[in-house]
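Peer 1: Mind looking at a prediction? Sequence and model below.
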Amino acid sequence: MTDKETVKFGDICKEVKLTTKDPIGDGYERYIGLEHLDSGSLKIKRWGMIADDSPSFTRVFKKGHILFGKRRPYLKKAAVAEFDGVCSGDIIVLEPAGNLIDPELVPYFIQTDLMWDWAVKTASGSLSPRTKFKLLADLEYPFLSGSEQKQKKEILTKFKKLSVRAEETFEAFDYVFDTLYRNYFTLSDTNPNGRLGDVISGFKVGKSVKSSSRSAQIDEVGVLKVSAVSKGLYKPEENKLVTSADELAKLKVTPSAGDLLITRANTPELVGDSCLVNTSAKNVFTPDKIWVAQVVSGVDKFWLLHLLQYLRRSGRLAKIATGTSGSMKNISQKKMLDVDIYIPTEEEQIKIGTALCDLMASHESLINNQHERRSLESLILGI
């Protein structure tokens, strides 16, 4: 603690370095990779079975440990383990330490913008930036007295109940989306009558440029990160500042309202993710990893957006992607345009697109409420 009444993250949390050479022999059944952690959620909803997949992971975690995704920290992946298992080396295993902060408050400190901004700032590497615990340990939080912690814990416990209900609602939305997608789009699997190249004539491709870790302000120029395309939603605030005149000169493609964006490079789960731009931010540009699709005249963009979401969620886009398993995957333009699909009439496209976009609007509203709740949690913690 310093004379400014702050406490370092390394004083309230420590890295756990347990390992195993024989996970099954030591009694572990489940494993966690980064793909099993959801951005912004402290709950683990999926995992892999060691006996089925034989992962090479040796890092052990126990129930109650916090799993922190150190690779590409801008994805904001951290969760509290509800069982014992092994995890990827791209995950830092943490547990509360010392008596400065109530252990039950530590996960809330981790899921703040202050932490994630620091993790991004301290990450190194261009294609797949990683941070380290020894760097995270230097982050300073406001120190809270025992009485303040007790009061804030009571409030945050009530917030947690709201979060649980929100998670249940998200699961219900996923079920509804999956059901409707199967209803509307499975003909693309069983009885295709065209290709993506029949509804997308080509792509505008951005440029890869050197950039800062922080995002651009309104009077600055930024290049979008792949996280700006997030499961159907456009997040222009997910960008990196570009200051060099030479790098600025390379930037060519500015997304405009109505543009359909597709990530040609991403994680196996998210490669081929797509969104429709709903606002024109003149100070952000697309990188080489994000395409602006040139949609054929007469094709309903909302229908096409959800068709692409179905192709991603069903794993069809991951199957045509190349790259080392578990890391970034890439899709070529040719393979993307060659994907078989079923193309309904224009009238049917409009009907499907309208119904699904109304559902997506409700889903987005829930996401916004979740973000507002997290902002309130940070205010409660005094951050």
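Peer 2: Everything's here; your move.
Peer 1: what pLDDT does Asp3 get?
Peer 2: Turning to Asp3, the model gives it a pLDDT of 49.
Peer 1: what do you get for Glu247?
Peer 2: So, for Glu247, pLDDT stands at 89.
Peer 1: again, but for the one 3 residues further on
Peer 2: For Lys250, the pLDDT comes out at 90.
Peer 1: So it is in contact with Lys207, correct?
Peer 2: Yes. The criterion here is Cβ atoms under 8 Å, and Lys250 meets it with Lys207 at 4.4 Å. (C-beta placed from N, C-alpha, C; glycine too.)
Peer 1: In three-state terms, how would the nearest residue to Lys282 once chain neighbours are set aside be classified?
Peer 2: Residue nearest to Lys282 in three dimensions, not counting chain neighbours: Thr254, with 6.4 Å by Cβ to Cβ, 6 or more residues apart in numbering. For Thr254, the secondary-structure state derived from DSSP: H, G, I helix; E, B strand; the rest coil is coil.
Peer 1: what do you get for His363?
Peer 2: helix.
Peer 1: do the one 10 residues further on as well
Peer 2: Local secondary structure at Arg373 is given as helix here, using three-state DSSP.
Peer 1: OK, contacts around Phe61?
Peer 2: By Cβ atoms under 8 Å, 6 or more residues apart in numbering, the contact list for Phe61 reads 16, 18, 32, 67, 81, 84-87, 91, 93.
Peer 1: For it, which non-adjacent residue is spatially closest?
Peer 2: Among residues not flanking Phe61 along the chain, Val93 sits closest, at 4.7 Å (Cβ to Cβ, 6+ apart).
Peer 1: about what we covered before: restricted to helices, list the contacts of Phe61.
Peer 2: Using DSSP state H, no member of the contacts of Phe61 falls within helices.
Peer 1: Restricted to buried residues, select the residues you listed in ChimeraX.
Peer 2: Burial among the contacts of Phe61 is assessed by 16 or more other Cβ atoms under 10 Å; the matching ChimeraX selection reads:
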select :16,32,67,81,84,85,86,87,91,93
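Peer 1: Report the mean confidence score over the longest helix along the chain.
Peer 2: Across the chain, the longest stretch assigned as helix under DSSP H is helix 146-185. What helix 146-185 shows for mean pLDDT is 89.
Peer 1: what's the next secondary structure element after it?
Peer 2: Using DSSP states H and E, the helix or strand that follows helix 146-185 towards the C-terminus is helix 187-190.
Peer 1: tell me how far that following helix is from the chain's mean position?
Peer 2: Centroid separation between helix 187-190 and its chain, computed with Cα atoms, centre = their mean, to the nearest Å, is 28 Å.
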